[in-house]
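J.: below: sequence and its predicted model.
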Amino acid sequence: MRFEVTRALDAIERRLSTDPLRTGAVIDLGEIVRLVDLDGGRPAQLIRVGLVIDALSRQMGDDGLALYPVASRGLLSDTDLTSNERMVIRRWSDDGLAEVVPAEVAALVRVCEVAASIGQPVISREPLPGYAGIRFAPATAPGGAALEGGRGTTPKRPAAVGRRWQCPVPDCASFGSTAGPFSGGAARDGRQPPPRLVRGVAHCPRHGERLEDKGSLPFAVPMVARVGGAVRERFVVTEGQSTVVGRAPDNGVVLGPYLDGEAVRRVSRNHVRLELRGDELRVTDLSTNGTVVLSRPGPQTAPRPVGLALEQPYVLGEWDLVELFEGVEVCRADRQSASDGMAQQQSVMGDAPTMAMRLPRS
Ligand SMILES: [Zn+2]
């Protein structure tokens, strides 16, 4: 049984990140580990994060999205967790998979700051004063947890998010000096976490140090292409660079290998072009058979189809879905919603049944 728990923690670890291009929601780790009603287990246990990851997978219909966990430093000495769990959190922090903030910073305040800065939902049951962004609340559901809600508006992205930063503390896991255009500690292959703003000045959330401005960074939005309900390609649309999606574009997102039957004939080689103009994500139809945008203001709203005019850019709403052909879709990675008849999502809990969660503390 212990082996299964370790394996589940490893699977959970693969779904944690502080790189906003990989994540789909932000959590206060200290809150989630204490949601006893989700499984009826110990007062605090780390494996509970897995129930929330699974809930996110089901909600968004994507089992590849990561969670951005923020933890207060106090959690590293919380004796309701086992020594092994505390060690695992410390490792996640050192590896930049979780952000541990000093005791004087309330984790939930930082959670809201991160969520507002990167425009992703918060998963929490707590009151979130001053936060108007999207939030989901974890609720008990058969076999684990579900996410409720999803309402909220995306706040304007602060200017600090459009800069690259460096922390004066050597080997900082958030804003390290491992240079490269998008680098910074754990965000090596993607983006840095958002800085903490103290009176408008960028600071390291881990060390409290003032960050050094290393230049501007183009805005980027994480996207997915889904075929038959399963995420087939992940890509990023970056300001100043257009991205073509189609059956076989020369330079772009190639969906050909995932298409069959009618879809092969109906999806054009170059089907749509995506580009970012400031905060606006635009889609342009380039296809022979046309493109439909399934427009919806929120995750719980029924979509309204909008046919695109050929070669006329259309500004996408956050939750809009671009349909190249039935079942061939492109949308924001952090604004997905599971559709009916969707492919079954992989659970991070693996063979660790809820029973394992009731094991006595070691
Ligand atoms: Zn730092």
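T.: Yep, that arrived.

J.: any low-confidence regions in the protein?
T.: 1, 178-189, 340-343, 351-362 (pLDDT under 70).

J.: if we go to 50?
T.: For the chain, the stretches with pLDDT under 50 are 179-188, 361-362.

J.: who in it is up against the ion?
T.: Residues of the chain lying near the ion by CB under 5 Å from the ion: 167, 169, 172, 204, 206-207. Placement of C-beta: from N, CA and C, glycine included.

J.: ok, and the most crowded of the residues you listed?
T.: Neighbour counts for these were taken using other CB atoms under 10 Å; the highest belongs to residue 167, with 27 neighbours.

J.: which residues does the closest residue to that one other than its chain neighbours contact?
T.: Leaving aside its chain neighbours, residue 167 sits nearest to residue 175 (3.8 Å; criterion: CB to CB, 6 or more residues apart in numbering). Contacts for residue 175 (CB atoms under 8 Å, 6 or more residues apart in numbering) come out as 165-167, 184-185, 192-193, 195, 204, 211.

J.: looking at those, which are in strands?
T.: Among the contacts of residue 175, the members found in strands (DSSP state E) are 165-166.

J.: just the contacts of residue 175 now: which is nearest residue 349?
T.: Checking the contacts of residue 175 against residue 349 with CB to CB, the nearest one is residue 193 at 26.5 Å.

J.: the ion versus that closest one, what's the distance?
T.: In this view, residue 193 and the ion are 10 Å apart by CB to the ion, to the nearest Å.

J.: surely that residue is in contact with residue 22?
T.: No: look at residue 193 against residue 22 with CB atoms under 8 Å: they stay out of range, at 11.0 Å.

J.: more neighbours, those two?
T.: residue 193 (29 against 23).

J.: quick one: contacts for the more buried one?
T.: Residue 193 neighbours (CB under 8 Å, 6+ apart): 18-20, 68, 99, 114, 174-175, 184, 187, 205.

J.: put together TSV for the residues you listed, with secondary structure on each row.
T.: Shown next, in TSV, are those (DSSP: H, G, I helix; E, B strand; the rest coil):
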residue	secondary structure
18	coil
19	coil
20	coil
68	strand
99	strand
114	helix
174	coil
175	coil
184	coil
187	helix
205	coil
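
J.: about what we covered before: nearest to residue 49, of the contacts of residue 175?
T.: residue 193 (18.0 Å).

J.: tally of neighbours for the one residue in the stretch 251-362 of the chain that gets nearest to the ion?
T.: Relative to the ion, the nearest point of the stretch 251-362 of the chain is residue 334 (24.7 Å; CB to the ion). Neighbours of residue 334 under the rule other CB under 10 Å: 24.

J.: contacts for stretch 316-328, please.
T.: 119, 154, 225-229, 245-246, 255, 259, 262-263, 266-267, 271-272, 281-283, 287, 289, 291-299, 301, 303, 305, 329-332, 335, 337.

J.: okay, now the residue of the stretch 1-150 of the chain found nearest the ion: neighbour count?
T.: Residue nearest to the ion within the stretch 1-150 of the chain: residue 99 (10.0 Å; CB to the ion). Using other CB under 10 Å, residue 99 has 25 other residues around it.

J.: what do you get for residue 241?
T.: 12.

J.: how close does it sit to the ion?
T.: Taken as CB to the ion, the span from residue 241 to the ion is 30 Å.

J.: over to the most centrally placed residue in the chain: give its phi and psi.
T.: For the chain, the residue nearest the mean C-alpha position is residue 24 (1.7 Å; CA atoms, centre = their mean). The phi/psi pair for residue 24 (degrees, to the nearest 10) reads phi -130, psi -10.

J.: all set now, cheers.
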